[in-house]
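Enquirer: return a 3D structure for these sequence lines:
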Amino acid sequence: MTAEFTAADAEHLLTRPEFRRFLFAAIQSAGILAHHASANGQLGRDLVEGRRSLGFDLLRMVDAGQPEPLRSAECLATLSAAIREAMTPPPKEKTRDRHNDRYADLPE
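Expert: Numbers count the residues shown, from 1 in each chain. I've put the predicted structure just below:
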């Protein structure tokens with residue numbers, strides 16, 4: 001039985017910040033945002049291009065979950081969402097400062 005990956009699946013995944021962080025890590029690992037090569041150019045070009053190709057395939061699959069006006073051949077909205085998620089620091093937990101707590105002087 002072959003599982004179909006639908007636009008609804010992609011749309012659901014795009015709503016998850018964990019998935020967008022995963023997608024950013026996959027994009028970086030695939031070398032889409034930067035191209036690494038050895039000084040003599042023999043880093044295994046086929047391997048590098050295969051990884052980049054797989055990275056672009058992932059982007060295209062996930063881009064199907066974007067609203068129609070945002071979809072593009074370059075998957076820019078999806079790439080942007082992954083980058084924004086990776087660059088946004090997690091929210092800080094709020095801690096109560098006893099100096100600003102109006103009940104701080106009451107016994108516990």
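
Enquirer: what packs against the helix or strand of the chain with the lowest mean pLDDT?
Expert: Across the helices and strands of the chain, mean pLDDT, DSSP states H and E gives its lowest value to helix 45-63, namely a mean of 88. With contacts taken as 3 or more CB pairs under 8 Å, 6 or more residues apart in numbering; DSSP states H and E, helix 45-63 sits against helix 7-14, helix 17-30, helix 76-87. Yep, even glycine has a C-beta here, placed from its N, CA and C like the rest.

Enquirer: what residues does that helix touch?
Expert: 5, 10, 13-14, 23, 26-27, 29-32, 35-37, 71-72, 75, 77-79 (CB atoms under 8 Å, 6 or more residues apart in numbering).

Enquirer: how about a cut-off of 7 Å?
Expert: Residues from elsewhere that reach helix 45-63, judged by CB atoms under 7 Å, 6 or more residues apart in numbering: 5, 10, 13-14, 23, 26-27, 30-32, 71, 75, 78-79.

Enquirer: including mean neighbour count, mean pLDDT and distance to residue 107, could the helices and strands packed on helix 45-63 go into CSV?
Expert: Formatted as CSV, these follow (neighbours: other CB atoms under 10 Å; pLDDT from 0 to 100; distance: least, CB to CB, whole Å):
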stretch, mean neighbour count, mean pLDDT, distance to residue 107
helix 7-14, 15, 95, 50
helix 17-30, 16, 93, 41
helix 76-87, 17, 93, 45
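
Enquirer: could I get the ones you listed as a markdown table with distance to residue 51?
Expert: Shown next, in a markdown table, are the helices and strands packed on helix 45-63 (distance: least, CB to CB, whole Å):
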| stretch | distance to residue 51 |
| --- | --- |
| helix 7-14 | 21 |
| helix 17-30 | 5 |
| helix 76-87 | 16 |
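
Enquirer: with that, I have no additional questions.
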